[in-house]
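Engineer: Prediction below, plus the sequence it came from.
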Amino acid sequence: MTIEIVEYNGIKYAEIIWADTRVGKTTFFSPAESSFQFGLLAHSAGFVEPPHYHKPVARTISDLQQMFLVQRGVVVVELYTDEGKPLREIEMRAGDAIVLIHGVHAIRVLEDMQCISVKQGPYLGEEQDKIFVDMQK
């Protein structure tokens, strides 16, 4: 397997990097203009990157993307269309990663799991962060 993009009606809902994906050099799969960069770092043995930091740049972000990297267990990520209909169920295992770009999503845990979750901050608390939606099944 490799990277997989989930699109519907010309809208990108998610990008998935399956655990067995291999690249020969550092590769980012998200477009440069995306507010969240998603990719794989890869270097040959002996590579050394000089000490550095990233320039502070004011950024305006109007979307909130979220990434999961499954460390253990099995989890299903459910994606829904803007019309509230099920779009896709993605079963993920250790080493699989997904960035949720657009739309409503849910998770269903099949085996006890642990994921690394990364999203833009600051976190304003569940009340201001999440909108729960009653979806059609």
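Structural biologist: Perfect, thanks for sending it.
Engineer: what are the bridge partners for the spatially most central residue of the chain, then?
Structural biologist: Residue closest to the average C-alpha location in the chain (Cα atoms, centre = their mean): V99, at 1.1 Å. Beta-bridge pairing for V99 (DSSP bridges): E15, M67.
Engineer: and it, what pLDDT?
Structural biologist: What the model reports for V99 is a pLDDT of 95.
Engineer: I figured it was touching D63, is that so?
Structural biologist: No: using Cβ atoms under 8 Å, V99 makes no contact with D63, being 11.3 Å away. Quick note: C-beta positions are derived from backbone N, CA and C, even for glycine.
Engineer: now E127, what's its secondary structure?
Structural biologist: Classification of E127 using DSSP: H, G, I helix; E, B strand; the rest coil returns helix.
Engineer: and it, how many residues sit next to it?
Structural biologist: By other Cβ atoms under 10 Å, the residues close to E127 number 6.
Engineer: again, but for A97
Structural biologist: Using other Cβ under 10 Å, A97 has 21 other residues around it.
Engineer: swap in A58?
Structural biologist: If you count neighbours by other Cβ under 10 Å, A58 ends up with 4.
Engineer: Relative to Q114, how far out is it?
Structural biologist: Counting by Cβ to Cβ, to the nearest Å, the gap between A58 and Q114 amounts to 35 Å.
Engineer: Kindly report the same for L64.
Structural biologist: 22 Å.
Engineer: related to what we said a few turns ago, list the contacts of the residue nearest to the centre of the chain.
Structural biologist: 14-15, 30, 36, 38, 65-67 (Cβ atoms under 8 Å, 6 or more residues apart in numbering).
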